[in-house]
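>>> Fold the stuff below for me.
(one chain, ligands or ions: 2)
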Amino acid sequence: LVSRKKKPEDTIVSILNENIGDGNAHFIMGPCAVESYEQVKTVAQAMKKQGLTLMRGGAFKPRTSPYDFQGLGLDGLKILRQVADEEGMAVISEILDPNDMEVALDYVDVIQIGARNMHNFELLKVAGATNKPVLLKRGLSATIEEFIYAAEYIIAQGNDQIILCERGIRTYERATRNTLDISAVPILKKETHLPVVVDVTHSTGRKDLLLPTTKAAIAVGADAVMAEVHPDPAVALSDSAQQMDIAEFNAYMDEVKEFAKVV
Ligand code: PEP
Ligand code: MN
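Residues are numbered from 1 along each chain as shown. Ligands and ions are numbered 1, 2, ... in the order given. All right, here's what the predicted structure looks like:
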């Protein structure tokens, strides 16, 4: 059902006033994890000044170590919702447990399925049974074919509002946190009718690569780019090395917007 052969025209996923897949570049920005109201509010206000309305933030965090910050859970979703409503923005947040889905629907506009859960078929089915858009991330070591089948699990339940997210894959290369598979973007656009977003933060794990990889993503036809922004990355409770601070975010957006105009 996600195949371009079944449906030649692009699927457009509408979130608030933005239509992902309409041919323009969209931006999904926000902190790695929700830490406090003030933290989210600061990022949201900076985003709003840049004309952005799609805010990401993790409340349930899938941390590699069980001893790392696990997120604020439902309280985090409440903070995101409050700030988003105050600023006129949409909330994109990861749900880890199928049992949290129903209550999460009251707070999120887009359900994020993280890389570690791309193969969690029960979670995919539960997301597919909702009427909210789903941002599905490619698994850490998933082939493009496996990624497309994961999206198929969602659409098979009746939900075709799916955004595919390339977030880097595991390879032998250690210069970046993961290896951004840039060719996945045109392949996914060719094989499926779904919009594609590139997460430049988790794929590179390097602030100095956010700008060039964002340009590459837009140049190869990505419908949106995701990156992490934190008011004070040095004290962030997760991904402190790769989140942009507000000044870096503004410089990044100014350059990316100019670039998007000429592509
Ligand atoms: C995230 O976007 O918050 C995240 C945890 O990313 P990933 O699932 O791609 O590792
Ligand atoms: Mn992160």
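
>>> Tell me where the chain has helices.
Secondary structure of the chain by DSSP state H: the helices cover 37-49, 74-87, 101-104, 121-128, 144-155, 184-191, 200-204, 210-219, 246-262.

>>> just so I know, which of these lies nearest residue 232?
helix 37-49 (8.2 Å; C-beta to C-beta). C-betas here are computed from N, CA, C, even on glycine.

>>> who in the chain is up against ligand 1?
By C-beta under 6 Å from any ligand atom, the residues of the chain that approach ligand 1 are 32, 58, 62, 94, 114-116, 137, 167, 199, 202.

>>> about what we covered before: so which of the helices of the chain is nearest ligand 2?
helix 200-204 (5.9 Å; C-beta to the ion).

>>> Check the average confidence over the closest one, would you?
If you average the pLDDT over helix 200-204, you get 98.

>>> do it and ligand 2 meet?
No - using C-beta under 5 Å from the ion, helix 200-204 stays clear of ligand 2, with a minimum separation of 5.9 Å.

>>> Quick one: distance of that helix to the chain centre.
Averaging C-alpha positions (C-alpha atoms, centre = their mean, to the nearest Å) puts helix 200-204 11 Å from its chain's average.

>>> Could you name the helices and strands sitting against it?
helix 210-219, strand 224-228 (3 or more C-beta pairs under 8 Å, 6 or more residues apart in numbering; DSSP states H and E).

>>> Residue 178: what's it in contact with?
140, 167-171, 202-205 (C-beta atoms under 8 Å, 6 or more residues apart in numbering).

>>> Just put the helices of the chain in CSV and tack on mean neighbour count.
Formatted as CSV, those follow (neighbours: other C-beta atoms under 10 Å):
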stretch, mean neighbour count
helix 37-49, 18
helix 74-87, 18
helix 101-104, 15
helix 121-128, 20
helix 144-155, 20
helix 184-191, 18
helix 200-204, 26
helix 210-219, 19
helix 246-262, 15
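
>>> So what sits opposite the residue nearest the centre of the chain in the bridge?
Central residue of the chain (C-alpha atoms, centre = their mean): residue 226, 5.2 Å from the mean position. Going by DSSP bridges, residue 226 is paired in beta bridges with residue 28, residue 199.

>>> I'd like to know how many residues surround the residue in the stretch 51-200 of the chain that ligand 2 sits nearest to.
Proximity of the stretch 51-200 of the chain to ligand 2 (C-beta to the ion) peaks at residue 58, 6.7 Å away. Using other C-beta atoms under 10 Å, residue 58 has 28 other residues around it.
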